[in-house]
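**Student:** structure, please.
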Amino acid sequence: MTNKLAFKKDIRMMSKLVRFNTVNRLHEQSLADHSYYVVLYTQRICDFLKISEGIKLDALEYALIHDIPEIHLGDITYDVKHGYEQFEKYYEELELELVKEKYPSYYNLFERQGAFKEIVKLADWLDKGQWAEYELSLGNKDPEIKFIYDHYKEVLKSRIKKATNNRFGESYRVKELLDFVLCKESNYEN
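**Tutor:** This is a model prediction of the structure:
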């Protein structure tokens, strides 16, 4: 099979891979669904922060493909993926190696560091939390869903504080950005 055909087949698999596959859920979210939402949230965060067009373009491109390694690695359970620091580091290295081998045209985006990655990580966590919040709103009483939702809020606050201090400078107020991504009312314009 040619690389182009393999790529097309691989990409289509994103719609079949179910996220949070070991959690009792009322609504399934595919990897393709997740990637779509991450792109939308990335765009909103970039617009809110008035990010330069170059960084915004990198962020949007990375958001589209940030989970492409999961086509081959599957959805690692939430407690393992986020509960073991050593595993997270190993998993990131494995993702990078897999992208280099299977999707070399995306390797540069995966290898590089920068504000665009911090933005996509915020958007990624935002989607995790929004999915869990939606599950709770549907009446899902599974304690794991509540744990994911609570963990998401904690991680998101930490990531926003880190991102605003380390990447975007002190001028962006942490509370306003947190309120923005959590869709809470505030005194700023969008």
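**Student:** tell me the contacts of the residue nearest in space to the middle of the chain?
**Tutor:** Per CA atoms, centre = their mean, the C-alpha nearest to the average position across the chain is that of D124, at 1.8 Å. By CB atoms under 8 Å, 6 or more residues apart in numbering, the residues touching D124 are 38, 66. Quick note: C-beta positions are derived from backbone N, CA and C, even for glycine.
**Student:** same check on the one 3 residues further on?
**Tutor:** By CB under 8 Å, 6+ apart, the contact list for D127 reads 34, 37-38, 41.
**Student:** okay, and which of those residues map to strands?
**Tutor:** Among those, DSSP state E puts none in strands.
**Student:** excluding covalently adjacent residues, which one is nearest to R19?
**Tutor:** Q29 (4.9 Å; CB to CB, 6 or more residues apart in numbering).
**Student:** the one you found: neighbouring residues, count only.
**Tutor:** Look at Q29: counted by other CB atoms under 10 Å, it has 20 neighbours.
**Student:** phi, psi of it?
**Tutor:** Geometry field for Q29 lists phi and psi as phi -120, psi 120, criterion degrees, to the nearest 10.
**Student:** repeat for G114
**Tutor:** G114 adopts backbone torsions of phi 160, psi 180, taken as degrees, to the nearest 10.
**Student:** quick one: which two of the contacts of D127 are the most distant?
**Tutor:** H34 and Y41 (10.5 Å; CB to CB).
**Student:** name the member of the contacts of D127 with the most neighbours.
**Tutor:** V38 (26 neighbours).
**Student:** that one reaches A123, doesn't it?
**Tutor:** Yes. Counting by CB atoms under 8 Å, A123 is a contact partner of V38 at 4.7 Å.
**Student:** what do the two both touch?
**Tutor:** A63.
**Student:** sorry, back to before: assign a three-state SS to the residue nearest to the centre of the chain, would you?
**Tutor:** Secondary structure state of D124, per DSSP: H, G, I helix; E, B strand; the rest coil, is helix.
**Student:** start the count at 160, not 1, going forward
**Tutor:** Taking 160 as the first residue, the last one we looked at is D283.
**Student:** low-confidence stretches in the protein?
**Tutor:** Within the chain, the stretches with pLDDT under 70 are 160-161, 321-349.
**Student:** show me where this structure has helices.
**Tutor:** 162-172, 190-208, 212-224, 229-232, 237-242, 244-261, 266-270, 274-296, 302-325, 333-340 (DSSP state H).
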